[in-house]
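Colleague: sequence first, predicted coordinates after that:
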Amino acid sequence: MAEKEVRLFGMWASPFALKVEWALKLKGIEYEYVNEDIPFNKSDELLRLNPVTQKIPVLVHNGKPLAESLIIIEYIDDTWTEGYSIMPKDPYDRAQARFWAKFADDKDNLSEGAFVSWTSVECISATFGVFTSLGEAQQKMLQEAREAFKTLEQALGSKQFFGGDQIGYLDLAIGWFAFWMPIFEEIASISIVDNENAPLLKEWFARILDVDMIKTSLPPRDKIYELSKQRREQFLSGQIKP
C-alpha cells in the first residue's frame with residue numbers, strides 16, 4: 001500500500017483532525033494534509049468525500065474516504081499492522097478503551113459550527129455549558145464538568161498513560177484535552193481539571209504534552225486562545241447558539 005496515497009482533510013484548529021495526525025505519525029505513515037475552511041467554506045471535494053456528515057476529519061486511503069476520527073484511528077491501526085500498536089491487543093481492553101473514548105469524545109450532539117475546538121458530549125457537555133454561560137448557571141455546569149472528568153480519571157488509575165507504559169488509543173482519543181483545557185479554563189476563569197479534583201488526570205496532562213510527537217504537532221497556542229476567546233464572546237452575546 002502506497003503511503004503517498006494517504007490524504008487527511010482537516011482544519012488547523014480541530015482537535016479531531018489532530019488526533020488522526022497523531023495516529024499517522026505513530027505509525028510512520030506519510031500523508032498529505034488538506035486544510036479546510038470549517039465551517040464556513042467547505043471544499044467541493046470534502047462534500048463529495050463525506051456527503052453524509054460533511055465534517056472533518058476525512059482520511060482518504062487509495063482513493064477510499066473514511067470519516068469520524070475514532071473510526072479512522074482504528075482503521076489506521078488495522079491497516080498498517082507492523083510497528084507501533086495503537087489499540088490494545090486484549091479484546092476486553094479494546095472494548096474498555098472504546099467505552100471510555102465514547103464517554104469522553106462523542107461529539108454527535110453538538111454542531112460543527114458551534115465551536116470548532118470544543119465539540120464533545122459526555123465529558124464536555126457540561127464543560128461546554130460552562131463555556132457558554134455565566135453566574136449560577138455556570139457554577140452548576142462547572143460541578144457537572146468536574147464530576148465527568150473525575151469519572152474519566154478512573155480509566156487512567158495509576159498508569160503512566162491510558163495505554164499503559166506508552167500512549168495508545170485512548171490517549172490519542174482524548175489527548176487534545178491536555179492542550180485545550182488549560183486554554184479554556186483561562187478564558188472562562190474557572191478550574192475544571194486540577195490537583196484537587198482530578199490530580200492523576202492533571203499529571204497525565206503534563207505527561208502527554210511532554211511526548212515529542214504530541215507537542216511538536218500542536219497548533220499555535222496563541223491562535224487557539226484567540227479563536228476560543230472569540231467563540232466564547234459570540235456565545236455570550238447570542239451571536240452563536242450553543
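Modeller: Everything's here; your move. Everything quoted here is computed from the prediction, not taken from an experiment.
Colleague: where do the strands sit along this structure?
Modeller: Secondary structure of the chain (DSSP state E): strands at 6-10, 32-35, 58-61, 64-67.
Colleague: most tightly surrounded among those?
Modeller: For those, ranked by mean neighbour count under the definition mean count of other C-beta atoms under 10 Å, the leader is strand 58-61 at a mean of 23. Glycine gets a C-beta too; all of them are placed from N, C-alpha and C.
Colleague: what does it rub up against?
Modeller: 1, 5-9, 20, 46, 49-50, 65-67, 72, 75-76, 79 (C-beta atoms under 8 Å, 6 or more residues apart in numbering).
Colleague: make it 10 Å
Modeller: 1-3, 5-10, 17, 20, 23-24, 29, 31-32, 34, 36, 45-46, 49-50, 65-69, 71-73, 75-76, 79-80 (C-beta atoms under 10 Å, 6 or more residues apart in numbering).
Colleague: what helices or strands is the lowest-mean-pLDDT helix or strand in the chain leaning on?
Modeller: Between all helices and strands in the chain, the lowest mean by mean pLDDT, DSSP states H and E belongs to helix 124-131, at a mean of 78. For helix 124-131, the packing partners by 3 or more C-beta pairs under 10 Å, 6 or more residues apart in numbering; DSSP states H and E come out as helix 135-152, helix 176-188, helix 221-237.
Colleague: for Ser43, what are phi and psi?
Modeller: phi -70, psi 160 (degrees, to the nearest 10).
Colleague: state whether it and Met11 are indeed in contact, as I suppose.
Modeller: No. Judged on C-beta atoms under 10 Å, Ser43 makes no contact with Met11 at a distance of 11.2 Å.
Colleague: more crowded one of the two?
Modeller: Of the pair Ser43 and Met11, Met11 is the one with more neighbours under other C-beta atoms under 10 Å, namely 23 against 14.
Colleague: identify the residues contacting the more buried one.
Modeller: Met11 neighbours (C-beta under 10 Å, 6+ apart): 17-18, 34-39, 42, 55-57, 112, 116-117, 219.
Colleague: ramachandran coordinates for it?
Modeller: According to degrees, to the nearest 10, Met11 has phi -150, psi 140.
Colleague: and the residue nearest to it when sequence neighbours are not counted, how far from Lys202?
Modeller: Leaving out its chain neighbours, the residue that sits closest to Met11 by C-beta to C-beta, 6 or more residues apart in numbering is Ile38, at 4.3 Å. Computed with C-beta to C-beta, to the nearest Å, the distance linking Ile38 and Lys202 is 30 Å.
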